[in-house]
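Q: What would the 3D arrangement of this be:
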Amino acid sequence: SSLAAQLVLRGAGLLSDDAVAIDDELVAHPSTGAVHLRPAELARLDQASRDRLGVRAAMRFDGRALGSVPPAAPAPLDAVFVLERAASGTAIESLEAVDPAVLIGATFNLSVRSPERLVRHLDFCARIATQVPVFRMRVTPDLDAVALADEVLKCR
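A: Numbering: from 1, shown residues only. This is a model prediction of the structure:
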């Protein structure tokens, strides 16, 4: 959520701050436009940034500030970033040979309840692994959302 907010503040469109639906044509579809910010992240933002993210003091959800920005239009999936918490390491690295299991581990897969759906899901992850650039993003203790957003933009 913090990374998504920082990217929006740099001019990116918001598909989601959490999960994105991807269709068979590898087009990503937006969610609601909601941005959920932890109190520490909210404290880092000036009022102009809060206004751009649609954050209002009274709007809270699960202890986090709730903002609202217009969702972006559906867009072709042009990169996948797999987040990984790490003690150290390079912030972002391109993965040349991607194991589809890495991608399925990063999906919201509660709907995979039958062998047929699992096969379809694995096939879909294999398509993404071969057709879309995939990056590993290591989130280290010294890397905040501002620095992480700068790293993401370097990949474009």
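Q: Next, give phi and psi for the nearest residue to Ala75 once chain neighbours are set aside.
A: Spatial nearest neighbour of Ala75, chain neighbours left out: Ala28 (5.6 Å); criterion: C-beta to C-beta, 6 or more residues apart in numbering. Using the backbone N, CA and C atoms, a C-beta is placed for each residue, glycine as well. When read as degrees, to the nearest 10, the backbone of Ala28 gives phi -90, psi 130.
Q: Verify the stated contact: Ala28 with Ile22.
A: Yes - look at Ala28 against Ile22 with C-beta atoms under 8 Å: they come within range, at 5.3 Å.
Q: Can you get me a residue count around Arg138?
A: 19 (other C-beta atoms under 10 Å).
Q: Strands of this protein, residue ranges please.
A: Taking DSSP state E, the strands of the chain run over residues 21-22, 27-29, 34-37, 60-61, 64-68, 75-76, 80-85, 92-95, 134-139.
Q: what lines up beside the fifth one in the sheet?
A: Strand 64-68 has these partner strands in its sheet, going by DSSP bridges: strand 34-37 (antiparallel), strand 60-61 (antiparallel).
Q: Please apply the same query to the first one.
A: Strand 21-22 has the following strand partners under DSSP bridges: strand 27-29 (antiparallel).
Q: Run through this protein and note the low-pLDDT ranges.
A: Applying pLDDT under 70 to the chain picks out residues 57-61, 108-112.
Q: about what we covered before: winner for burial among the strands of the chain?
A: By mean neighbour count, with neighbours taken as mean count of other C-beta atoms under 10 Å, strand 34-37 ranks first of the strands of the chain at a mean of 21.
Q: who touches it?
A: Contact partners of strand 34-37, identified using C-beta atoms under 8 Å, 6 or more residues apart in numbering, comprise 1-2, 4-5, 8, 14, 17-18, 45, 53-55, 61-62, 64-69.
Q: Could you pick out the buried ones from the residues you listed?
A: 1-2, 4-5, 8, 14, 17, 45, 53-55, 64-67, 69 (16 or more other C-beta atoms under 10 Å).
Q: From these, which land in helices?
A: Judged by DSSP state H, helices contain the following of the buried ones among the contacts of strand 34-37: 2, 4-5, 8.
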